[in-house]
Each structure stands twice: as structure tokens, then as C-alpha cells.
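[1] sequence and predicted structure are below.
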Amino acid sequence: MPTPFRNFFRSLLAALVFGSFAAAQSGQNTLTLAYGEEPDPLDPQRTSTAVTGLVMRYAGDTILTKDLTGAYADGLAESWAASEDGLTWTFRLKPDVTFHDGTPLDASAVRDSILRALDPATQSPIAGSLFAPVTDIEVVDARTFRIQLESSFAPFLDNLTDPRGAIVQAAAAVELGADFGRKPVMSGPWRVEAWESGERIVLVRNDDYAWGPSYTRTGAPRIERIVFRIVPEAATRAAAFEAGEAQVVMPFPVNDVPRFLDDARFEMVSFLRKGIARLMEMNVLVAPFDDVRVRRAMNHAIDASVMVDVVLEGRGVQAYGVLPPSIWGYWEGIEDYAPSYDPDAALALLAEAGWTPDASGTLRKDGAPLTFTLLSPPFDDATRSAQIVQQQLAGIGVDMKIETIEFGTLLELAQEGTHQANLIGYTYANPDIVHLWFHSSNIGTGLAHSHFDSPELDALIERSRVETDEAVRLEAYADIQRFVADQALWVPFYINDNYIATSASLEGEQVHPDGFLLLNDASLD
Amino acid sequence: MSAYEPMANPAPRAWRRLWRKPGAVLGGALVAAFTALALFAPVVAPYPPMEMDFRAVQQPPSLAHPFGTDDLGRDVFSRVAYGARISLQVGLIAVGIAAVIGTAMGLIAALAGGWLDGVIMRSVDVMLAFPGILLALAVVAVLGPGLANMMIAVGVSAIPVYARTVRGTTLSVMELDYVVAARSLGAGHVRVALQYVLPNVSAPIIVLATIGIATSILSAAGLSYLGLGAQPPTPEWGSMLSDARAYLRTGWWMAVFPGLAIMIVVMAFNLLGDGLRDVLDPRTR
Amino acid sequence: MIPFLLRRLVAAIPVLFGVSLLAFSMTHLTPGDPVKIMLGERATAEDVARLRLELGLDRPLPVQYLSFVSRALRGDLGTSLRSGQPVAREIGDRIGATATLTLAAMGIAILVGVLLGTLAAIQRSSAVDALIMMIALVGISMPTFWSGLLLILLFSLTLGWFPITDGGWSGLVLPAVTLGLPAAAVLARLTRSALQEVLNQDFVRTAHSKGVAATAVVARHALRNALIPVVTIIGLQFGNLMAGSVIVESVFARAGIGRFAVNAIMARDLPQVQGIVLFAGVIYVVINALVDVVYAAIDPRISVR
């Protein structure tokens, strides 16, 4: 029988069985997390999604971690040291660490994992760039390995704590092929048991776990199962949480927050997002944004504080530059330096660029109206922000059209560079994200959707990566923030407060500064 | 399929009988009201549909805002009124596409006969192999989302019904005595079509079209709800419902009124169509 | 009977051919170069050329079509651009959920629809009849994404009777009711008119005048005859239900073919959309053929179309 038919019956049977089974399974020691996205693959080295990163926090281990104060701490490595010049790093692994399939996680396993991330055949979107400057990994003995960097790389340790850099069982990856992306073999406190497409990802406790970071429970966790329930709609996630069908929702939809704040059954934690939630990128290759005056005028014409009030309902702050206050490297001076909301200044700049209003107020140049298309992902806040911007720009005579596109397709179009402007947002742990956004090497392949090719900016970014002196690095990042504001490549909108909602029945969870729940020590009532 | 009896011409007597049916009268009245709303939306609507009043976000129904305001401070009543315009447009264009192309296909198939008939009817079968919305989805997949493409998609998905019906009617008309006589006297296809078939086929087409407008509005709203039709900030009823999803608890009026509008308009066309069918279908005369 | 069956199956073949042609042509109808669309600008000219060769897009169209069909017959519906998984497997993973939903909705539609329609026909021209017909009218006019939202608001959020996300039997109720309501309305109207037509006929009036109890008359003679068109419509409604699942699955966040199709379209994942169109088309052709066969089996008057 051809595969689809076999699958039909198998799936029908599974649906009938699972249906009742799943209802029974939500038992005592199962934590259900309602989440909106589905992983592309669960393979951390092949993913570009945030949800895979989140799953890897529980199913995988990284070489280093950050403790609850944000300082570097042990992960798989119990100790580490750098050479004088910062180019050679030696790590010593904890003893008796094993993968979920029982094979030892030793120095050569780490080597194999990192090599896989760097291998062009893996086509790693993110993990590869985490390890990019690594030129060599030397296995000194079973528990010691040495990493050679091609040049001084300031974000190096930070990258080692990124969950997408979790160590994978490379041999299993080769053996399982595409199936590794459905059920990766990692080493974390829980292991991936199943991924039912469109429904849920089920993690089951790793009873052999004994190498947790020193600031939390090092042995096997208390919670037996973690279920990531995939629910695309924010309102449904909130409703499911309220009904007790999920014990954790993160991020929690902003407009449902007030209802839950005073409810004793729930705990709400919030922190400023580590990233800019919504911003407009402009493509310098295509008119009208090939003129820096027009780009600066956009910054003057858009009042982002309205969006903070209406879209975020006050739960967040206005964004002024490319970094948020919550990421190290933020330059406070940007708040005054960046172009402020000033419609008259906008009109003046546009007039300078040749755009003058006609009788009805529409801006025209040589008869043609000032119009552009904004690509927007289908997320609620993006659509609402876009409509607000549309109205504000219409007020000065600019006609903006909104085109809603699925996020992956939007990324592809933005890479191509035929678009005019798009909405986007990000979350990242450190300021090195500016490399992904603005370095010319990322034009057409990465996130450099502005397509701005400037050796000057490149040099600034490279300096920020190489410098190990913190004060100098801060200056470098300040320079970058000023430069981008001068060139007005973006119109930043806002940074939201991320809310994590947990049920009161969950105890012992800790909110990690990187924006997730540490569950090693958590238990359910 | 059993033999097809041609429906009556929409003679004056039929119209008079129509107005005696309460359902049809109600339907007709509602359709008239809907059309009036659509045509006079700029006059009826108290606010521009896109105007955002950030001080009045998510207000429940009040004197100032009879249907309340949405999450961006826009007046829901005004948006529902302008939405009527869009729905009317969609209904008319989609049905127009379907009726014109479908009728042409059915006529040609029946009159030409032979292999052309076979080819056309097989393609109709293929289109009928997919339920309406799936075909519409396929067209949107090819053309891309957007209001215009959606109208085309909904129209295309409705073609098969017209083609089948018109072909059936044409075939039976061609067997009527006086038509056979006319043909044997040398009347060409075009003349047969225009003089004999079209008058006889207009009745079922009217019925199909009336109900078709209802179905088209429903399909279009569905596609917009899925995000494949009207783009923001267009006040299309289906996309308004989609926007209202996140606010079910806090802003029930955002979901209730557009949905009510869809339901009432669709019901109206269905009532009218039912009435027309009862009046024109020879079997219930 | 057998010759009819064979003839019916043979008649389905050109339709299947047409369906496969439609699905195949989707990639080639979209504006733009399909290979460039698939790879995005991340690709070099060599990558584009290599993929084109791999996919066989350099061969003449008829050859491509034949290879498309032969692969489909072996169960290979292509590979998704987004996930890299075989489309056939992705469809297989999700079809069960849709089938369960459709069957449940069909069950509700038949139960409620036929019951109400029968009631209306028996109580003809009374208040009950009018009420039921009004409910049926509302049923076919109400958009499913609206009724679904209202049901969620009432039964899940306000009353808490049914879960919002959990699977299992209780999670099936609201979506099945939402999906089945329009079909129930159609069946109610149809059952009523079919039954009315039968009840009007002479032989029924004769039986009635001879004193046979009303219910016996209805049960024995009327229903059996009235069921014929109803059964046909049930078969056709099955197709409509699977289509309706597109929206209902989105409203209730259920993982099934419907939602999968919508996501595939929004992501412009052409291999996925193609695979779904082909799969759905074949299923509907098969269902329609089965319906015709059942119709013929029930109604002895039908022998040739």
C-alpha cells in the first residue's frame, strides 16, 4: 500500500487512540507549556526558530551557561581557561556525561558536534555562525579539548551559552538523517520523546542526568514530562492557561495580562525583552529609501510612543536605536541622539529631497506620489503597528501600503533586496546581533535587509568583535548605534515587557536572565 | 440524472407570486437594505472606517459608537457599513465571473456537442472534484493573497455549477418541438442560443446567482478570515472577525457585529433565492 | 450492477487525469521561476542549475508531468520547502485528525439534520415546521468561523464545559458541532422536501386513508424513498465537510489537513500545496464515485446516467 494510504490509516488510528490517551496523560507530573510556533527542525544546528532554542534549554546542554546573575558558569565544561592572546581556549568536561542514547559525551564527541555545526553540508543558519571563528579543535584527552580561534572574538563565551550551540550526538545525526530533526539525540535533563506535527513536542525526564550547572539542581529533574503544546493563537494560549490546560505560557499576550495579574492562581513575571520587538527596516537599494533624507524623515514622521500605548497597552518602552536598554552595549545617549517625532522636520527633509505636497496634501516629486509597500509578518502586533504607521504617514502625505506575508517568505524577499520596507523584530542575548543586521557579509544571505554596504560600518562592527577591553567595546557599540541612527537604516518602534505566566501549582522555577524558565529544580503540586 | 424541465420565464405573474411569499419579501427587503448600506456607506457611516481614535480604544457599544470601537479605536459600525460595500462588490464580481464563464461553457458544450462537449464537461468535473473553498484556495495559492485575487478565486470556484446547469437546460431546450423545427429550418447555433436558450435559462441562472452571491460572500469572508483575502486595514467582514479573535473576552462586540452582518446578508440572499426557486421551478408550481 | 460499477470507475479516470494535471500545473502557473522561488536568493547560479537538473525542470513538460504522476502513484508527493520532510508523510501525519473531525461532524449532521427534517415534514406548515426551517436557514447562513468563535466564547471561556486546546473526545465536540451545523441544516431542508414529496404521493395517502398509523406510514414507505436523495447529499456533503475543516481547524487550532493547507499557501510552499491539491482531488473523486455507486445500489431505477 503506498505510503500516504498507510499513513492515513495509521494517523486515523493514532488520532483515535491518542485523542483519549492524551487526555489521560496530562497527569500529575507533566508540565504543559503553550507555545505559538512550531520548530523547523528540532536539530539545534539546523534551526532558525526560537522555539527550537527553547526546547534545547531543556533537552540539550551547552558547553558553558550563564548563572542567575548573568555571569558565565559551568555547563558541560567544569572549568575553562584562555591563553594570553585570547586565541586558544581550553575546556575540561565534567566526568561521566552521556548522550540520551547512552554514548559518552567526551572531548571527541564535542569536537564532532562543533565540526558538524561548521560543516557547510549542514547548512547551519545560526549555530554555524556561533562557532564561526573556530579554526581548530584539539582533543587533549577524554575530558579536555582546546579550541583555536582565528582572531580575538569577544562574543565567543556568550555564543557558547546559546542553546543552539548545544552539543549534539553527531554520529547519531549522520545515522538518523532527517529523522534527527524530529528526535535529536542530546544530553539534557529531559530528552525528546516525540514531536507530533502541529500538536505537541513531548520531553521525558532523563533519569541518568547528573551534570547540571552548579547554581541549580545537578541531578535528574523532578518534573517527569514537559509537553510543548503548539497553539498558534495568542488568545487561545491565554484561554488554555486560564482553563488550566497549560501551566506555563511564554510570552503571554499583552492584552490578556491585566486579567491575570491579580489572580492568586497565577504568577506573572515580566522583564524587558532583550531585543527590539518591532521595527521598520528600509532597503537602501530601492526608491524612495535610497535617499537618506527620506529615511530620516520617516523617523521624524512616525510617533512610536503611540504604539507603546495602543499596541503594548503601556507594557513596554519606546525603542530609539538598534539595541534595547536590556542588552549590554546599549548607549543611553541614543534616546536624544536619534531623530525624534517631529512632523515638520520630516516635511522639511522631504522637501529637501524633492517631495512637495500637492493641493490635496499628497507628497509628490515630478508628479509621482510618495508611496511604498511595507511587508508585514502576520503577527497581531505587527499588523496593528503597521496600520498605525500607515495613518501617521498619511497625515503628512505619504501613502503606505501594507502587504501581509508569511514570515519565512518575508525573510526571503527581504534578502533578495527588491522590497522597499518591512517590519521585523528580534531577541538576542548580546550586542553582537549588529553583525547579523548590518555587516555587509550578511547582505543577501543573512539578516542585512537594509542592504547597506559600508566599509566604515563594517570596520566599526569588526572592531566591536575583536576588542576584549570592555570600555573600548562599549565605545565601539556606541559608535555603531550613532552611525546607524545617522544613516536612518531603521525606524525602531518599541520594546515590550515579556510576560511569563506560570500556574501557582508550579514551584521552584527560576526566571533566567536570558529570558526562559529554569526548571531543573521545579516541581508540580 | 433525470430529464431536465426548463424553468418558466420570469413572467410578470411569477413576480407577483413572489411577493406573496413572506420569506422572499423579507429576503428582498434585507437585500435592498444591504445594497443601500453598501451604496450609501459614506453617508451612513459616522466616522471614516480607517480613522483611529487612540483615546477610544476597545470601547463597548455606546451612543457615540453604536457598535463599539475596535482595538485601534476605529468605529465598528462605520467599518461594518463600508464592509457591506466590499461584500457587495465581491458577491457581484464573483458571481459575474462564474455566471458569464459558466454559462458560456455550458452553452458551447451543449450546442457544439461531440468531443468539445466531452472536454468541457470533463474539465467541469475536475473543478467539481474540489469543494468550492479548496478550489478557491488553490487559485489563491497560485495568484497570491489580496482582495482582487480572492474575488477571482471565489468566482472561478463557482463556475462548474453554472456550466452544468446551463448545459442541461440547453440540451432540453434543444429538444423542444419548435426549437427542433427552427434548427431544421437552418437556424444557427448563435441564433438558437440567443433566441431560444437564453430566455429559458435565465430563470435558473437568476436563482443560482442569488444564492451564489450568498455563497460568495461567505467564501470570501472565510478566505479573508484565514488571511488570504483582504489585507489590513480593509474593513472586510471576514478579516474583521479574524482581528477580533484576540479580543473575544475583552471586546465581544468586535466579533459579534461583523459576524451578524455576514449572517443576515447571507440569510437574506438565501431567502430571496429560495423564493425565486419556488416561484420559477416548474415542479412546485 | 457490475457493468455500471465498471463504467463509473472508468468515467472517473479522465477526472483523475484532470486533477493530476491541475495539481501539476500549479508550480508552472505561479509567476516567477519556481526554482528561484524554492531556493531564494541565498542560492548561487550553480545551486539553481543543480536543483533544476535534480527536479528535472529542464525536461519537456509532458515528461515532467509523467514523472510527477509516476512518483505520485508510488506515494511520493514531493518534498516540502519549509521542513524538508516528504509531503506525503506530512499529509499522512495530519489526515487522521481531519478524518476524525469530519466523521464526527458527519455523524452530528446526519443525526440532527435528518431528525429535524423528518419532524418538520411530518408537522408540515405548522409552527414547528417554520421554526425548524428558520433554524436551518440560520445554519446555512452562519459562517463557521463565527459560530466557532461564539461556541468557544460560550462553552469554553464562559461555562468551561469543553477544553480549549486538549485533544481527546471532549476537545472534539465543539469543532464537530461547528463543522456539522451547516451540513445538518442542508440535510434538514433536504430531508423535509424529499419527505414532503413522498408524503404527498398517492400511495401514502391511500395507506393513510386505510387507517395505517401515521408513524408506520412514514417509517415504512416514506423514509425509504426519501432516503435516496438524502444519501446522495450525505456523500456530497462529506466533501464539503472536509473543505469546511479548513476553517474550523484554524478556529479551534486543531492540527489537520485544512490548517496545513492554509499554512502551506501562506508560506508559498508549492510542493506542499501541490501535494495537498492532488491528494484532496483524488479523495473527492473517489468519494463521488462511491456515492454514485451507493446511489445506484439503493435506487433500482437508476441504471444508466
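    Cool, got the structure. Numbers count the residues shown, from 1 in each chain, chains lettered A, B, ... in the order given.
[2] quick one: contacts for C:V114?
    Residues near C:V114 by C-beta atoms under 8 Å, 6 or more residues apart in numbering or on different chains: C:L187, C:A188, C:T191, C:V230. To be clear about C-beta, it is placed using only N, CA and C from the backbone, and glycine gets the same treatment.
[3] against C:S141, how distant is it?
    20 Å (C-beta to C-beta, to the nearest Å).
[4] the residue positioned nearest the centre of chain B: what's it in contact with?
    For chain B, the residue nearest the mean C-alpha position is B:I213 (1.4 Å; C-alpha atoms, centre = their mean). Residues in contact with B:I213, defined by C-beta under 8 Å, 6+ apart, are B:G91, B:L92, B:V95, B:F269.
[5] out of these, which are inside helices?
    B:G91, B:L92, B:V95, B:F269 (DSSP state H).
[6] wait, which of these is closest to chain A?
    For those, the residue nearest chain A by C-beta to the nearest C-beta is B:G91; the value is 23.5 Å.
[7] okay, now the closest one: neighbour count?
    28 (other C-beta atoms under 10 Å in any protein chain shown).
[8] now it, nearest residue through space, not along the chain?
    B:I213 (3.9 Å; C-beta to C-beta, 6 or more residues apart in numbering or on different chains).
[9] how about whichever strand or helix holds the one you found, which residues are buried there?
    Taking DSSP states H and E as the criterion, B:I213 maps to helix B:198-225. Residues of helix B:198-225 classed as buried by neighbour count (16 or more other C-beta atoms under 10 Å in any protein chain shown): B:198, B:200-225.
[10] ok, stretch A:341-355 next?
    A:Y341, A:P343, A:A345, A:A346, A:L347, A:L349, A:L350, A:A353, A:W355.
[11] which residues of chain B lie near chain A?
    By C-beta under 8 Å from any C-beta of the partner chain, the residues of chain B that approach chain A are B:50-52, B:54, B:57, B:71-73, B:145, B:227, B:231-233, B:243, B:245-250.
[12] which of those residues are buried? Put it as a PyMOL command.
    To isolate the buried members of the residues of chain B next to chain A in PyMOL, using 16+ other C-beta under 10 Å:
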select buried, chain B and resi 50+52+57+71+72+73+145+227+231+232+233+243+245+246+247+248+249
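[13] out of the residues of chain B next to chain A, which are close to chain C?
    Among the residues of chain B next to chain A, chain C is touched by B:P145, B:G227, B:R245, B:L248, B:R249 when using C-beta under 8 Å from any C-beta.
[14] give me the pLDDT value at the third one.
    On the pLDDT scale, B:R245 is placed at 82.
[15] can you check the second one too?
    At B:G227, the pLDDT value in this model is 80.
[16] C:K210 too?
    On the pLDDT scale, C:K210 gets 64.
[17] stretch A:302-317 close to chain B?
    Yes: interface with chain B: stretch A:302-317 contributes A:V306, A:D309, A:V310 (C-beta under 8 Å from any C-beta).
[18] give me the subset of those that lies in helices.
    Per DSSP H, the subset of those in helices is A:V306, A:D309, A:V310.
[19] correct me, but the first one touches A:I388?
    Read it as A:V306. Yes: look at A:V306 against A:I388 with C-beta atoms under 8 Å: they come within range, at 6.0 Å.
[20] and these two? Which one has more around it.
    Between A:V306 and A:I388, counted using other C-beta under 10 Å, the more crowded position is A:I388 (23 against 20).
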